[in-house]
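Novice: take a look and give me a structure for this.
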Amino acid sequence: MAIRARAYLDLSTKRLLLRLPPRSIAVVAHRDLDSVAAEALLQRRVVGVINACASATGAFPHRGPDLLLKAGIPVVDEVGEDIFAVLRDGDYVELRGPEVWHGKRCIACGRLLTLEYLEKVRRTAERGLDRQLESFIKNTLHYALREKELILGRPHIPSLQTPLQGRHAVVVVRGPTFRADLKAILPYIHEVKPVLIAVDGGADALLEFGLKPHLIVGDMDSVSDRALASGAEVVVHAYPDGRAPGLARVRPFYPSPAVFPTAGTSEDAALLLAYHSGCELIVLVGSHSNMVEFLEKGRAGMASTFLVRLLVGSILVDAKGVNELYRLRLRPAHLVGVLAAGALPAVTILLSSLPWQQLVLLWGLKLRLLLGW
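Specialist: Residues are numbered from 1 along each chain as shown. Below you'll find the predicted structure:
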């Protein structure tokens, strides 16, 4: 079945997601499409995905393309980057199997992904996982030696308007489990009222739950205009040499943002900021915590994350899996208990009333007569 819709394209999937309208076809160049990007595309209600690269190379097992196919979204893979020179945002394209048509002309032909094909790729990836793991560990140890100042040194912490000293902080990353993690700790957030620190697109995750971030930390490549205009204080994550590409993105909304130069990811920067600013407890939501998730993000190791976790571990609580550890389920016994607890005071009050006592006696006499007692 052919699908025709307007196409919107960008070499950066993050940038595209910021302006991708619903019911459109996303044109990306995303090698090994990760699950976070796939879920975001589903959130935008795309009707098709065209990838200039391979969505699943077999380098490691991941589930990004599977999510799209299982939701009924066709994915045409490996069409080549020439498509970016042919199309413009808003052009109508038509997907006819593996072919991409623009007007009366076939402008690209790739591979139409199937679940059977992805299963073969996954089996290949699992067979090579030991080599990936060995390389991952070597890179982690190599860069850990270079970035050891994350633990041994104290970074220059920018002055903030938001008080952090002695408070609890929730650091929200728009990772694979952010919705389940946030839902699990919502009662804690409403009761304790911690500082809400969003890492880039984590600000949109909080807004999705009706929560307003106090701080947004990151290089600002995946946060929406709506989140930047929410009134949150902004901290731009910069390279250790002071370069901060995210400043240009932020200044129309926040003319004088704080800048935090440090090594590692924006997630690491947010944890370091909370830790060195004197937070009493840090709750981490939606974080990347295993090798596959890091490989999905294109990182060959997790040196900075490993070091930062060592540093802040004494006050760090990871919300990942809390929703599996404890789930509140309403059982019949719970419902009976609630009804009984509510009915007991009412019955006591009624029986203490003289008219009701007489009515109960009359009912009792009538019942005895009917039964012949």
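Novice: and the nearest residue in space to R122 that is not next to it in sequence, how far from E78?
Specialist: Once flanking residues are discounted, R122 sits nearest to P61: 5.1 Å by Cβ to Cβ, 6 or more residues apart in numbering. (Glycine included, C-beta is placed from N, CA and C.) Distance, P61 to E78, by Cβ to Cβ, to the nearest Å: 19 Å.
Novice: can you list the low-confidence ranges for this protein?
Specialist: Along the chain, the model assigns pLDDT under 70 to residues 128-129, 288-301, 321-373.
Novice: mark out where each domain of it begins and ends.
Specialist: Following automatic domain parsing, the chain resolves into domains at 3-123, 132-325.
Novice: reformat those domains as JSON lines; add mean neighbour count.
Specialist: Converted to JSON lines, the domains of the chain look like this (neighbours: other Cβ atoms under 10 Å):
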{"stretch": "domain 3-123", "mean neighbour count": "18"}
{"stretch": "domain 132-325", "mean neighbour count": "19"}
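Novice: any figure for the gap between the residue nearest to R122 and L133?
Specialist: Distance, P61 to L133, by Cβ to Cβ: 12 Å.
Novice: over to L18?
Specialist: Between L18 and L133 the computed distance is 34 Å (Cβ to Cβ).
Novice: try L152
Specialist: As for L152, its distance to L133 is 28 Å (criterion: Cβ to Cβ).
Novice: and for E267?
Specialist: Distance of E267 to L133, given as Cβ to Cβ: 22 Å.
Novice: now P255
Specialist: 46 Å.
Novice: now swap in V171 and tell me
Specialist: From V171 to L133 the distance is 27 Å (Cβ to Cβ).
Novice: do the same with T265
Specialist: T265 is 20 Å from L133, where distance means Cβ to Cβ.
Novice: which residues of the stretch 151-300 of the chain fall in strands?
Specialist: Remark: strands assigned in the stretch 151-300 of the chain by DSSP state E, counting those that start in this stretch are 168-173, 195-199, 215-218, 233-238, 258-261, 281-285.
Novice: helices or strands up against the fifth one?
Specialist: Same thing as strand 258-261. strand 233-238 (3 or more Cβ pairs under 8 Å, 6 or more residues apart in numbering; DSSP states H and E).
Novice: hmm, try it at 10 Å
Specialist: Helices and strands touching strand 258-261, by 3 or more Cβ pairs under 10 Å, 6 or more residues apart in numbering; DSSP states H and E, are strand 215-218, strand 233-238, helix 266-276.
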